[in-house]
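1. Have a look at this fold, sequence not included:
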């Protein structure tokens, strides 16, 4: 459950950037190769946000698919799961996307 | 600017029934704080010529036994000290200290992994000498530790032949992050149904750049190759 400590870091960072204002919503980008489960983050969010400016904020999660470049055929492919495999049969891929774990934006106000 | 109606947010109250909100674009990496602390650990290790390795595995794969044997075998040649991460107890640090090696125990409590800050505190307490090797034994867990950079020179995943050979496919994040896989307890191969060739193929499928070394910490098989690998990591 690293999602608990990750969600705690998210709430801390957002609270710092909100500068004392209430947070209405926050948008997270969670790549499918980031190793973080969006559902687990949702589960932890309410818990971590309680008593902070994030309490009651809407959590929007943008799910980014994994992408990779094949070192054998040079194709740029989307990865449907965690296992890198190019349609050409090669597993020798360089991961180019889907590892993001970012706070994209927040909406603050009264 | 108000995110709802686009007004400046400082104008007189509106009649359209909402408060003023403002959108702040952050594009902030959630692990940025850990990564900064890890970079600071990495600088410290580089300045002092220290090789730090992050050892990760499931519980029971044989991390501590391998460390005890490694310290006994190479301790005369390489100064080794250990940061032990466990959810609770000081048992592993006591085992390591019994070999004559310096060790600090970090208890993560409810946490399932070591992070860069815990390692920084552990290193301050340990005070490893210049030019030494610091083994960081992470919490036994193949999921969470893969995400947290500790500032190590290399990540080593340890897997034993008493586990399922398909683990690299079940925990791809870990095997993708690792630089070296040590396949431990190979002395048990005649007694267990474990296809080492298949396991190695699956691990290198997930991570084509992964080095794989089969070892037995109790019988000594393959340890020379592990120590050779360790020597090549020194500055």
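-> Yes, it's here. Predicted, not measured: the structure shown is a model, and the values here were computed from it.
2. mind listing what's buried in stretch A:98-110?
-> A:98, A:99, A:100, A:101, A:102, A:103, A:104, A:105, A:106, A:107, A:108, A:109 (16 or more other Cβ atoms under 10 Å in any protein chain shown). C-betas here are computed from N, CA, C, even on glycine.
3. Kindly reformat those residues as TSV containing pLDDT and secondary structure.
-> Below are the buried residues of stretch A:98-110 laid out as TSV (pLDDT from 0 to 100; DSSP: H, G, I helix; E, B strand; the rest coil):
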residue	pLDDT	secondary structure
A:98	93	coil
A:99	90	coil
A:100	92	coil
A:101	95	strand
A:102	96	strand
A:103	97	strand
A:104	97	strand
A:105	96	strand
A:106	95	strand
A:107	96	strand
A:108	95	strand
A:109	90	strand
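4. and chain B, which of those reach it?
-> Among these, proximity to chain B is found for A:100, A:101, A:102, A:103, A:104, A:105, A:106, A:107, A:108, A:109 (Cβ under 8 Å from any Cβ of the partner chain).
5. Double-check the fourth one against residue A:23; I have them as touching.
-> Looking back up the chat, that one is residue A:103. No: in this structure residue A:103 lies outside contact range of residue A:23 using Cβ atoms under 8 Å: 10.9 Å.
6. Common neighbours of these two, please.
-> residue A:14 (Cβ atoms under 8 Å, 6 or more residues apart in numbering or on different chains).
7. For the lengthiest helix in chain B, what is the distance to the chain centroid?
-> Longest helix in chain B by number of residues, with DSSP state H as the criterion: helix B:32-47. Centroid separation for helix B:32-47 versus its chain: 14 Å, with Cα atoms, centre = their mean, to the nearest Å.
8. so it versus strand A:101-109, what angle?
-> Taking axes from the mean of the first three to the mean of the last three Cα atoms, to 10 degrees, helix B:32-47 and strand A:101-109 form an angle of 140 degrees between their directions.
9. so what does helix B:32-47 touch, helix or strand wise?
-> If you count contacts as 3 or more Cβ pairs under 8 Å, 6 or more residues apart in numbering or on different chains; DSSP states H and E, helix B:32-47 packs onto helix A:2-18, strand B:51-57, helix B:116-126.
10. Among those, which comes closest to residue B:213?
-> strand B:51-57 (13.3 Å; Cβ to Cβ).
11. Rounded mean pLDDT for the closest one, please.
-> Mean pLDDT, strand B:51-57: 97.
12. Just give the nearest non-adjacent residue to the residue in chain A that chain B sits nearest to, would you?
-> Among the residues of chain A, residue A:109 lies closest to chain B, at 3.0 Å counting by Cβ to the nearest Cβ. In space, and not counting its chain neighbours, residue A:109 is closest to residue B:21: 3.0 Å by Cβ to Cβ, 6 or more residues apart in numbering or on different chains.
13. swap in residue B:25?
-> Distance criterion Cβ to Cβ, 6+ apart; nearest residue to residue B:25, sequence neighbours excluded, is residue A:105 at 4.7 Å.
14. separation between the residue at minimal distance from the centre of chain B and chain A?
-> Nearest to the mean C-alpha position of chain B, by Cα atoms, centre = their mean, lies residue B:54 at 3.7 Å. In this view, residue B:54 and chain A are 15 Å apart by Cβ to the nearest Cβ, to the nearest Å.
15. ok, now which ones touch that residue?
-> Contacts for residue B:54 were tallied using Cβ under 8 Å, 6+ apart; they are B:136, B:138, B:145, B:150, B:152, B:154, B:155, B:156.
16. Let's verify the residue nearest in space to the middle of chain A: helix, strand, or coil?
-> The structure's chain A has its C-alpha centroid closest to residue A:30; by Cα atoms, centre = their mean the separation is 1.8 Å. When classified by DSSP: H, G, I helix; E, B strand; the rest coil, residue A:30 comes out as strand.
17. Residues touching the lowest-mean-pLDDT helix or strand in chain A, excluding its own?
-> Here the helix or strand of chain A ranked lowest by mean pLDDT, DSSP states H and E is strand A:93-97, holding a mean of 90. Identification of contacts with strand A:93-97 by Cβ under 8 Å, 6+ apart yields A:31, A:33, A:64-71, A:76-77, A:79, A:84-86, B:176.
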